[in-house]
Structure formats: structure tokens, C-alpha cells
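# prediction below, plus the sequence it came from.
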Amino acid sequence: MDNNQNMAKESEIFESRKMKLNLLKAFRDATARKPKIEGVECPACGAKTDDAELQNSMYICEHCGHYFPMPADKRLQSIYDDGEHELLFADIEAKNPIGFPGYKVKLGELKAKTGLDDACVCAKGKIGGHRAVAVVFDTRFLMGSMGTAVGEKVTRAAEYAAEAKLPLIVFASSGGARMQEGIFSLMQMAKTSAAVKRHSDNGGLFISVLSHPTTGGVTASFASLGDIILAEPKALIGFAGPRVIEQTIGEKLPDGFQLSEFQLEHGFADAVIERKQLRETLAQLLKLHRKGGARR
Amino acid sequence: MRPILPRGLFQAKEKNITPRERVLMARSPQRPNFKFYSENLFEGFFEVHGDRQYGDDSAISCGIALFEGIPVTVAGHVKGRDLEENVAVRFGMPNPEGYRKFRRAALQAEKFHRPLITFIDTPGAYPGKEAEARGQGEAIANCLYTLSNLKTPVIAIVTGEGGSGGALALGVADRIIMLENAVYSILSPEGFATILWKDAKRSDEACEVMKLTAHDLYEFGITDEIIPEPDGGAENDPQMIIAALREVIAEELRVLMEKDTDTLIDERYEKFRKIGRI
């Protein structure tokens, strides 16, 4: 029957259209789901890892072992026993001491974006049962650069550690002194060095942990003044940056120049320690210094 | 602190010279340099050499001399008068050995109760391959560390370019004095423009926003005294600079040498502690 044939044809067309539509839907869903698993691309091997995975792996690429910069709060959680710690000096924020154009706005944007007050965070807590004060730099905030807020926090942490007779641990990762605060940033080098000197003269232990990158005015001040200096693998550590050196001497620098292993070889670090071993190493060092932190 | 010139008079002068012009004056090869100061402000300058670890560095000179009859330790960055001299001293950019020699001289000053007088004039520490391999950062850091509680009076005079950590290494002092056209900054204006704007050619603009003149630093409470210069810069009447410096150093030493060591050290700590206190 004509009518039946027509009906069959219509249903065939309907079915094929439905299939196409489903395919389109499936394709749309597949592409729409992609941003959810986008994650972070490893600059070393190009592999993508999602945020949760990255956190679980302590910000180390699971494909090639590349170290991502570690957010300060995650570092504190990874170092202290059960992640428990109390933040110190959280109310310290930079002003605009040389009235640098646009600086206040820039600071406001970064605070909103990162949830940080400035480029470092201070805390106290226990590592392997030993109390310790920590300062952790965060490169998301103007490359972890040191202006007055960072200088003040490092200084207060050192003064607090000296007063409370506690060891001080600074996890540095910084491009150096902060340009936008001009001469005030430069003077923070003197201020922080003087503070760690006082802590030291008081018999206090200072462990400096260097991660990628530690350069400029931070290398040329407190970061190089630890009783013990540890470095994460393959971190760039130096005073002048590689590009400036290459421009000055007119030649390419060899592979590995200024990296942690180079600093160890040249006598400017005590040990290169894997990130996943840091907590254990710090606990061991604190145990070895347990009579430290105070002049007997 | 007591400025050498009444503030109003100095500010009147400030209006006539732009920060960029001061940077150029501070870099003038004719400007009095460390050799001139060591010969004209002091008697019997005996230069010491070497860091006792690796070598000597000609970009920092250290020695012992008499100032108005008082034994003092003198140290400073060395700049040359011409290209040949400047190549020999790396244009006043020290290697780590220079900073380590300075630290050695400073510790001797402490041991023998000699005041330490430093002359700052450098574009910055030398950014070289060997300098990095020998720990430029550590060498500078250790100067800051040691001077922060050196138990003898320290006076730092910025005579020309005070560039970056390489300048500050000689600058942790009880008194910071600047010549009127000297500059003191976190980095050279060229370096500053490169880092912030990725364009070294914008260094003129950097000079204007960096706040690097003696006047700026006096306003910030970082510099204690400003030594007036003749029109056209210090080279036009170097003896005038010597006379003013002689007067200021004598006065400051008189005050500082009377302080007991704990007070001296506490006040020096506080001098830097208050910079950017929040």
C-alpha cells in the first residue's frame, strides 16, 4: 500500500535524522566536556594534568618529573604535620612607597586572583613533631619578588623565631627585589639579612630551601644565609639571570648552568632534595638541632 | 639627621636638574673616583689585596689610612678615568672576590676598632659566568650579614652610581651620605626598563619614576646627608667636595665613636628595620 510505504519511508528518514542528531549531541558533549579535563600543560613534556592530580603529585609532572611552582598554601600543607599550621602576620600588605604608576591596581588584581596578600606567607606548626616557623614564597604574585611586604614578613618571621627560640625555614622562589617599590625593595635585602643575623646570633637555626627560581636580591640576601641550604632539583639559582650574563659575556651558557646541581657542585648548597623527600629531610634536620633555637 | 644644606635651598636646586640628567652626571668619567677620595681625604692609604680564598678584585679597593689623625678602614668601588682604566676594573663591577675582600677588611676594622668608611660607585655586581660560579649572591649576602652587626662605626658615601645589590653590599652603615648628583637605585634604569617593560630604550622614562636621586632618598629617610655639588657636577670643583666630606665625616665620627657598641648596633639595626616597616 502506498500509504504504508510512505509511512515506512518517513520513519526511515526520521530514524536517520535522529541518529545524526544523536551523533551531533554526542560530539557536542564530548567537546563540551574537554575544558573540564583541560588541566595544566607541562612546559617540559607538554603532557596535561588536571589540577587535583597535580595537587596529589605535589605539583610534579607525573609524565616527566618536571617541578611546577607550588602554591604557598599547598607547600605549607605538605610540610607541616597533618598539614596543620597557624598563619602569622597575615595582615601585612604593601603600600606604594615610591608612588609607582598603576602599582596599587596591579596589587589589587593579584590579591583577587591569587587570594594572597603578597608574595609570601608565614606560618608556624610542627614538622615531625618539632615546632618551626616557615616563610613560603609564591611565584604567582609578581614572580615572588621582594618588596616591603615580603621584606617585612621575612624580618618579622626571623624576629619571631628568635624571640620564641624556634627554628626558621624559608622556602624561597623569587625573581629578586621588586622593581615597583624601587629603593625600598633594595633596602629589604639589608633588613632581612640583619634579621636572620640576629636570629643566628641568638643561637637560632635557619634552613633555607631554594626552589625554582631563586635569583637577584633574594639570592644576594637571606636565601644564601641559611645554616643549612637545601635546593629542589633543577631549580635556577643565581644572582644575575642567564640572559643578562649571556648578553654581558657574549656567549651561550652551558646546559645546567646555575641549576641546583651546579650550586651543589660549586659549594653553595648543602643538598639537593626531591620535593617528596623535603618534609622528611626537614624533620630529620630539626631533630638533629633539637637543642638548637636557643643559646644554652 | 642634619642636612648640609637647608632643605629649602636644596629643593630649589632640585627643580633645575632632571633625574635623567643626574644619572648622566653620576656616571661621568671625569667625576671624582675612589682613587681621588682615598688620596685626598686620607693620609697614608695602605691598600690591602685579596680575599684569602681565591684572588683579588680591582673593582673594589680596601685599605687602612688616617682620617684627621684617626686610623680608619677605607673601601670603595673603583671606576677608571678612561676606557683602558675602566676595562681593568670592569667599569666598577665587582666579582665575588671583591666583596669577600671587603668583608675581610670590615672584620679587621672591627677587630682593631677602626671606623669603616665606604665609597659607593658601581653600576652593580658583575653579571659574569665566573662570578656566578664563585657565588656572587652569597658574597653580597655575606657583606650585608656581616655589616649588619659590625661592632665599629660605619659610614657609607654614595659618590656616583649606587646600583643594585652590588652597591648595597658596601652600604649597610650607621650613616648614609649622598653627593647631590649621586643616584641610588634597585637596578640601573636600563635594567629596570628591561624587566618591567621589556624595553631598555625606555630607560629615560625609568629615571623619572624610579625615585633614585639623593633628594628622593632623603625624603624617604634613607639618606642622612646630602653633599652639595658645584654647578655642572662634582668634577668642576673636587676640592669643594673634599672639604664638605671632611666636615661631615669628622662630625659623624665624633658622634658615632662616642656611642657604646650595643647602642651603635641597635641603632643600625633600627635604621634598616624601619625602612618599609608595615
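In hand now; what should we look at? Numbering: from 1, shown residues only, chains lettered A, B, ... in the order given.

# only C-alpha atoms for contact and neighbour calcs from this point on.
Will do.

# longest helix anywhere in chain A?
For chain A, the helix reaching the highest residue count under DSSP state H is reported as helix A:2-33.

# for that one, buried residues please.
When burial is assessed from 16 or more other CA atoms under 10 Å in any protein chain shown, helix A:2-33 yields no buried residues.

# low-confidence bits of the chain, can you list those?
Just going to use chain A. Low-confidence segments of chain A, defined by pLDDT under 70: A:1-4, A:29-38, A:291-296.

# the intended chain is chain B.
B:1-15.

# show me the strands in it, by range?
B:43-48, B:60-67, B:70-77, B:116-122, B:154-163, B:175-179, B:183-185, B:225-227 (DSSP state E).

# enumerate the residues of the stretch 151-278 of chain B near chain A.
Neighbours of chain A within the stretch 151-278 of chain B, by CA under 8 Å from any CA of the partner chain: B:164-165, B:168, B:172, B:184-186, B:192, B:196, B:209-212, B:269, B:272-273, B:275-278.

# just the residues you listed: which are in helices?
Counting by DSSP H, these contribute B:164-165, B:168, B:192, B:196, B:209-210, B:269, B:272-273 to helices.

# would you tell me which one of the strands of chain B is buried the most?
Mean neighbour count (mean count of other CA atoms under 10 Å in any protein chain shown) peaks for strand B:183-185 among the strands of chain B, with a mean of 31.

# show me what that one is packed up against.
helix A:182-201, helix B:19-26, strand B:154-163, helix B:214-219 (3 or more CA pairs under 8 Å, 6 or more residues apart in numbering or on different chains; DSSP states H and E).

# out of those, which is closest to residue B:61?
Closest approach to residue B:61 among the helices and strands packed on strand B:183-185 (CA to CA): strand B:154-163, 14.3 Å.

# and the contacts of the closest one?
Strand B:154-163 is contacted by residues B:23, B:26-27, B:31, B:33, B:115-124, B:168, B:170-179, B:181-188, B:249 when judged by CA atoms under 8 Å, 6 or more residues apart in numbering or on different chains.

# so what strands line up beside it?
Partners of strand B:154-163 in the sheet, by DSSP bridges, are strand B:116-122 (parallel), strand B:175-179 (parallel), strand B:183-185 (parallel).

# tell me how many other residues surround residue 50.
Here I'm looking at chain A. Number of residues near residue A:50 (other CA atoms under 10 Å in any protein chain shown) recorded here: 13.

# sorry, I should have been clearer: chain B.
Around residue B:50 there are 19 residues (other CA under 10 Å).

# kindly report the same for residue B:193.
21.

# pretty sure it sits against residue B:208.
No: using CA atoms under 8 Å, residue B:193 is not in contact with residue B:208, being 11.3 Å away.

# re earlier: residue A:246: which of the helices and strands packed on strand B:183-185 is closest?
Between the helices and strands packed on strand B:183-185, strand B:154-163 lies closest to residue A:246; by CA to CA that is 19.8 Å.

# which residue lies nearest the spatial centre of the chain?
Let's take chain A. residue A:70 (3.6 Å; CA atoms, centre = their mean).

# wrong one, I was asking about chain B
residue B:120 (2.0 Å).

# grab the nearest non-local neighbour of that residue.
Spatial nearest neighbour of residue B:120, chain neighbours left out: residue B:158 (4.6 Å); criterion: CA to CA, 6 or more residues apart in numbering or on different chains.

# may I have the beta-bridge partners of the one you found?
residue B:120, residue B:178.

# how close does it get to chain A?
14 Å (CA to the nearest CA, to the nearest Å).

# enumerate the residues of the stretch 151-296 of chain A near chain B.
Residues of the stretch 151-296 of chain A lying near chain B (CA under 8 Å from any CA): A:151-152, A:177, A:179, A:182-191, A:193-194, A:197, A:216-217, A:219-222, A:224-225, A:238-240, A:244-245, A:248-249, A:253, A:258, A:263, A:266, A:268.

# at 6 Å instead, please
A:182-183, A:186, A:190-191, A:193-194, A:219-221, A:224, A:239-240, A:245 (CA under 6 Å from any CA of the partner chain).

# quick one, which of those are buried?
A:182-183, A:186, A:190-191, A:193-194, A:219-221, A:224, A:239-240, A:245.

# okay if I get the residues you listed as a markdown table plus distance to residue B:224?
As requested, those are exported to a markdown table (distance: CA to CA, whole Å):
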| residue | distance to residue B:224 |
| --- | --- |
| A:182 | 18 |
| A:183 | 15 |
| A:186 | 17 |
| A:190 | 17 |
| A:191 | 17 |
| A:193 | 21 |
| A:194 | 20 |
| A:219 | 28 |
| A:220 | 25 |
| A:221 | 23 |
| A:224 | 29 |
| A:239 | 29 |
| A:240 | 30 |
| A:245 | 35 |
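
# from the residues you listed, pick the one nearest residue B:241.
Of those, the one sitting nearest to residue B:241 (CA to CA) turns out to be residue A:183, at 24.8 Å.

# contacts for stretch B:97-117?
For stretch B:97-117, contacts defined as CA atoms under 6 Å, 6 or more residues apart in numbering or on different chains pick out B:50-51, B:56-57, B:60, B:72-74, B:139, B:143, B:151-156.

# out of these, which is nearest to chain A?
residue B:139 (7.5 Å; CA to the nearest CA).

# how deep is the closest one tucked in, by neighbour count?
Neighbour number of residue B:139 under other CA under 10 Å is 27.

# how about the one 5 residues further on?
Applying the criterion other CA under 10 Å, we find 30 residues in the vicinity of residue B:144.

# which bits of the stretch 1-150 of chain A sit near chain B?
Checking the stretch 1-150 of chain A against chain B by CA under 6 Å from any CA, the hits are residue A:148.

# apply 10 Å and report the result again.
Residues of the stretch 1-150 of chain A lying close to chain B (CA under 10 Å from any CA of the partner chain) are A:91-95, A:97-101, A:147-150.

# farthest pair within those residues?
Among those, the pair separated by the greatest distance (CA to CA) is A:91 and A:101, which sit 23.7 Å apart.

# in JSON lines, list the helices and strands packed on strand B:183-185 along with distance to residue A:21.
Converted to JSON lines, these look like this (distance: least, CA to CA, whole Å):
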{"stretch": "helix A:182-201", "distance to residue A:21": "62"}
{"stretch": "helix B:19-26", "distance to residue A:21": "69"}
{"stretch": "strand B:154-163", "distance to residue A:21": "68"}
{"stretch": "helix B:214-219", "distance to residue A:21": "71"}
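
# just checking, residue A:90 is part of a strand?
No: per DSSP: H, G, I helix; E, B strand; the rest coil, residue A:90 lies outside any strand segment and is coil.

# I appreciate the help and will end here.
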